[in-house]
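Engineer: Whatever this is, show me its structure:
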Amino acid sequence: MAGPEKEPDLRLKPLNLRHGAARGFAGLRVAAPAPMMRPHSVETGMAIDGKWEITINSPLGAQKATLDLKADGGTLNGTQTAMQGTQSLSNGKVDGNNLTWSASITSPMPMTLEFSGAVDGDKLSGSVKAGSFGSFPFSGGRVA
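Structural biologist: You can find the predicted model right below:
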């Protein structure tokens, strides 16, 4: 005849790291963190280079323009195409993902537009100063 079965001891016992448990971790190595992806930079121009379509919200209504931009170090080159035609950008500068440039227009009156904006992924936004008429926001995105 078998006697009553003994119940197993389910109580947690403290771990004594001075003995065998610490030695079990001794040979483990911590892997170095994976290198971060290189951010878009002025050197590569990757964040800025390409074709962009922007809309300027002016008192004359929404004005559309296409930009073809290329960063070369701290210099921004390219063209801007709008109702007035295509003109080369002047005074183009790049500082990280921030950029500035000027474009001359002749219609509705001759003036130089001064742009200041920032690239965030495939989005471009900022403001344009239109002489004594003040500043107006623009925004748009990369199309190529």
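
Engineer: List of residues touching the helix or strand hosting T79?
Structural biologist: Here T79, judged by DSSP states H and E, is contained in strand 75-82. By CB atoms under 8 Å, 6 or more residues apart in numbering, the residues outside strand 75-82 that reach it are 48, 63-71, 86-89, 92-94, 99-101, 103, 105. Yep, even glycine has a C-beta here, placed from its N, CA and C like the rest.

Engineer: quick one, strands of this structure?
Structural biologist: 50-58, 61-72, 75-82, 85-88, 90-95, 98-105, 111-120, 123-130, 135-142 (DSSP state E).

Engineer: how about low-confidence regions in the protein?
Structural biologist: For the chain, residues meeting the criterion pLDDT under 70 lie at 1-46.

Engineer: And for the residue nearest to L76 when sequence neighbours are not counted, the neighbour number?
Structural biologist: Excluding the flanking residues, the one nearest L76 by CB to CB, 6 or more residues apart in numbering is G92, at 3.0 Å. By other CB atoms under 10 Å, 22 other residues sit near G92.

Engineer: Then N91?
Structural biologist: Counted with other CB under 10 Å, the neighbours of N91 add up to 13.

Engineer: any idea how far D68 is from the spatially closest residue to it that is not a sequence neighbour?
Structural biologist: In space, and not counting its chain neighbours, N91 is closest to S102: 4.5 Å by CB to CB, 6+ apart. Distance, S102 to D68, by CB to CB, to the nearest Å: 16 Å.

Engineer: Right, I'll leave it there.
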